[in-house]
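Visitor: With the sequence up front, the predicted model follows.
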Amino acid sequence: MSAVAKSAPAVIVGTPPFDLARIRRDFPILDLTVNGRPLAYLDNAASAQMPRPVIDRLIQYETREHANIHRAVHYLSETATAAYEGARGKVRRFLNAREEREVIYTRGATEAINLVMHGYGRKFLTEGDEIIVSQLEHHSNIVPWQMLCGEKGCKLRVIPCDERGVLDLDAYGKLFNGHTRLVAITHVSNALGTINPVKDMIATAHAHGVPVLVDGAQAAPHLAVDVQDLDCDFYCFSAHKLCGPTGMGALYGKAGLLEKMQPFQGGGDMILSVTFEKTVYNVIPHKFEAGTPHIAGAVGLGATMDYLAAIGMDNIAAWEHALLSYATQQFETLDGVRIIGTAPEKAAVLSFEVKGVHPHDVGTMLNEEGVAVRTGHHCAQPVMQRFRVPATARASFAFYNTMAEVDQLVAGIRRVQQMFT
Amino acid sequence: MDSKQLYQEVILDHNRKPRNWGRLDSPSHHAEGLNPLCGDHIWITLEVSGEQVRNVAFEGQSCAICKASASMMTTNVKGKSVAEVEQLIREFRDMATGKLDVTQEANHLGRLAVFAGVKDLPSRVKCAILPWHTLHAAVNQQASTSTEGEQDPFAEVVGKQ
């Protein structure tokens, strides 16, 4: 499963493996016009849009099923609990985890990483221990580990990447020593789109007896994930990048590891019994879900899993790959435009520079054309430093995007160039 | 207001050919301004003699809005008294944050009013204001300023989007 490219026949040009017009009708927001132009929403790596079936599921929950979970014996509490726990089963299937109790709900990928930092890192790492991250990490997979290093006197080691944005696996292998305790790497780079060979990287780490956390925030929306096949120890993602609700996400962890870890937050629902002398923690996953959770978020996430499963992650990957290939070809015809991140294995992210024009000016002018792209450092300043740019513009595609939207982007860039030169 | 109106020819021209570009050899005042969120980074050097700004120069890496704002700022403050410069800084900041309507209220902004439209593009307000922040820091003998955090002298008006 390691690559979107492998499952994506390059022959697809303009013909999605599903009914794209029908899919687009599922997304009410795609009808918007912005500055008098049809919206071309190409900022999916920041947050994807929500389809009607997920919106409807949230309305159904809030109007017909809501109560607190795991508490009362009344009808609504049972209904809400069933919906909440039912969604956990859907996430398990989405990730192909062994057991539902290996799926912990979080506020998103960031909270999931912080949970592992606290539950695993603070409990098991000590002075002199080392954590390996990569040059391609989002700040959310750097800062928590730096905090831990600051507290414990641990050291962060960084896997470098080359000019294409491909990680140097020889250098990675050499970073391991007797002090290495954890590897935390992204599956797909949010700034460049590089798909990292995480399965091989996990095998390398395991050969040294080191567990691996994979940040799947950018991978889960774009390719089929199988945590058993990867053999990762932790995997996390955010629901809103998968067309689900914000403030919701999940952490997968191997049961044996989760059981050894300390709780993240204390409170209700994470305990079996409490006296002033002693508290007995609940079993996983509840040990890590203190307080009343984002129940609607979980229900919405479950509906998202159903929606994506009906389209098929392989179909999604194939169409996004076609969009990326077409956009890349079109960009190569533009003088003065440099694509940043040219790894052979990429998800649907296109970071670029327009020569002589600051990315913020590019973003503001593209907005004028109805095209939504992200501009800035993409919460990945070490990537920007590596490529010696202050910021980039980034177009990122979802399965509901069209070739016409790619054309709108390219036409917008031509207009930016006319205006500024 | 849309961005086409913002990117008027005068702004595009100052972006292409910034005036007073570079650093003065022996400045009496200087400051560095940084917007860490977008990477805009500029340096301003000043020669203040008596109470008058005799000369000013800037350089740096930034977007067109920031560069044009800095360039037009330098042409406007040269020869003015420090008190007049501080007045202009206040007026520019108020215009960019929507507190001063240049079409209704008396002001000294002149052609700088071309930046009035930035108030409708909240994510770009800081781009326009950064040079003025930095000038404010320079005349007050601060070596550096930032649009973010504790260093941001105008956080209360600019920081909220």
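Guide: Perfect, thanks for sending it.

Visitor: What ranges does the stretch 151-300 of chain A have for its strands?
Guide: Taking DSSP state E, counting those that start in this stretch as the criterion, the stretch 151-300 of chain A contains strands spanning A:155-159, A:180-186, A:212-215, A:234-238, A:249-253, A:271-274, A:279-281.

Visitor: Flag every buried residue along the last one.
Guide: In this case it means strand A:279-281. Of all the residues in strand A:279-281, those buried under the rule 16 or more other CB atoms under 10 Å in any protein chain shown are A:Tyr281. In short, each C-beta sits where N, CA and C put it, glycine included.

Visitor: tell me the mean pLDDT for that strand?
Guide: Averaged across strand A:279-281, pLDDT comes to 92.

Visitor: so how far is it off the chain centroid?
Guide: Strand A:279-281 sits 33 Å away from the centroid of its parent chain (CA atoms, centre = their mean, to the nearest Å).

Visitor: which other helices and strands contact that strand?
Guide: Taking 3 or more CB pairs under 8 Å, 6 or more residues apart in numbering or on different chains; DSSP states H and E as contact, the helices and strands that strand A:279-281 lies on are strand A:271-274.

Visitor: ok, residues contacting the strand it packs on?
Guide: Taking CB atoms under 8 Å, 6 or more residues apart in numbering or on different chains as the criterion, the residues outside strand A:271-274 that touch it are A:279-283.

Visitor: same thing but at 10 Å, please
Guide: A:263, A:266, A:268, A:279-283, A:286-287, A:290 (CB atoms under 10 Å, 6 or more residues apart in numbering or on different chains).

Visitor: partner strands of it, parallel or antiparallel?
Guide: Sheet neighbours of strand A:271-274, with direction, are listed as strand A:279-281 (antiparallel) (DSSP bridges).

Visitor: Between the two ends of stretch A:35-48, what distance do you get?
Guide: Counting by CA to CA, to the nearest Å, the length from the leading to the trailing residue of stretch A:35-48 is 21 Å.

Visitor: how about the strands of the stretch 151-300 of chain A in CSV, adding distance to A:His206?
Guide: As requested, the strands of the stretch 151-300 of chain A are arranged in CSV below (distance: least, CB to CB, whole Å):
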stretch, distance to A:His206
strand A:155-159, 16
strand A:180-186, 10
strand A:212-215, 7
strand A:234-238, 13
strand A:249-253, 15
strand A:271-274, 33
strand A:279-281, 28
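
Visitor: so what's the residue in the stretch 301-421 of chain A positioned nearest to chain B up against?
Guide: Shortest the stretch 301-421 of chain A-to-chain B distance, computed as CB to the nearest CB: residue-wise this is A:Pro390, at 2.7 Å. Listed by CB under 10 Å, 6+ apart, the contact set of A:Pro390 reads A:358-360, A:376-377, A:381, A:384, B:35-36, B:38-41, B:61-63.

Visitor: Give me the distance between it and A:Met384.
Guide: Using CB to CB, to the nearest Å, A:Pro390 is found at 6 Å from A:Met384.

Visitor: Kindly report the same for A:Gly370.
Guide: Here the criterion is CB to CB. By it, A:Gly370 lies 27 Å from A:Met384.
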